[in-house]
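Visitor: predicted model, plus sequence, below.
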Amino acid sequence: MFSLETMDIDLLALKEDSYEASVMLDKDFFLSLDDAQIQDGRVNAKLLIRKAATEEFTLTISVEGTVMVQCDLCLEDMEQPVKAESSYIVKLGQNPSEDEDIIIVDENEGILSTAWLVYETIVLAIPIKHVHAPGKCNDAMIKKLQELSATRSGDEIAEDTIDPRWAALAQLKN
C-alpha cells in the first residue's frame, strides 16, 4: 500500500533554496486516496519547491504518464495519456488564504502535503470526453447503442401530422 506521507515536504527543514523529488505513482497511490475518481494508472510526478522569501515558497508539480478511465461510449476501461504542470505559492502562516493558488501551511508544523495537489493536477489533465480511438470500442456495446438509437428515432411522431383535435382550428385558419 502506498503511504501518502512519503509525499509530504517539511518546509522548515529545507536547508537549500530548492528541493526536487520524483515519484512514480501507480494503482496503490490512487487507491490510497479517499474519493479518488481514478483507480489505476502509471504516472511520473516531479515536485520542485523553491524558497522565494523567508516564509514563501513556489511549488511546481509536473506529471506525465497514463491513467485508466472509463470510455464514455462502451464503458470499458481505457488508457488516457496525461501530461500537465501546475504551480502554487506556499506560505507559512496561520490564516487560510482565499486565493486558490496560494497554500498556507501552519508555521508551527511546516509540513506541506502534496499528494492531493498531485492528484488534482492529474485529474485536470484528463480531457472531459473519454472515448477510445475509432474501432477500439467494445463492438457488442456499440451495436447495442446503434440498435437503441435507431429504435428511439423510429418511435418519434412526424412533425407534419396534426393532432385531430386541432384539425378544425387549422381549417378556420385557412
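Guide: Structure's in. What do you need?
Visitor: neighbours of the closest residue to residue 89 other than its chain neighbours, how many?
Guide: Spatial nearest neighbour of residue 89, excluding adjacent residues (C-beta to C-beta, 6 or more residues apart in numbering): residue 102 at 4.8 Å. C-beta coordinates here come from the backbone N, C-alpha and C atoms, glycine included. Per other C-beta atoms under 10 Å, the neighbour tally for residue 102 reads 14.
Visitor: host element of residue 48?
Guide: strand 41-53 (DSSP states H and E).
Visitor: and the residue most central in space within the chain, which of the three is it?
Guide: By C-alpha atoms, centre = their mean, the chain has its centre lying nearest to residue 123, at 1.8 Å. Following DSSP: H, G, I helix; E, B strand; the rest coil, residue 123 is assigned to helix.
Visitor: how about the contacts made by it?
Guide: By C-beta atoms under 8 Å, 6 or more residues apart in numbering, the residues touching residue 123 are 37, 38.
Visitor: confidence score at it?
Guide: On the pLDDT scale, residue 123 is placed at 92.
Visitor: for the strand holding residue 48, packing partners?
Guide: Here strand 41-53 touches strand 18-25, strand 56-70, strand 77-93, helix 115-124, going by 3 or more C-beta pairs under 8 Å, 6 or more residues apart in numbering; DSSP states H and E.
Visitor: which one of these lies nearest to residue 108?
Guide: The minimum distance between residue 108 and these falls on strand 77-93, with 9.1 Å, by C-beta to C-beta.
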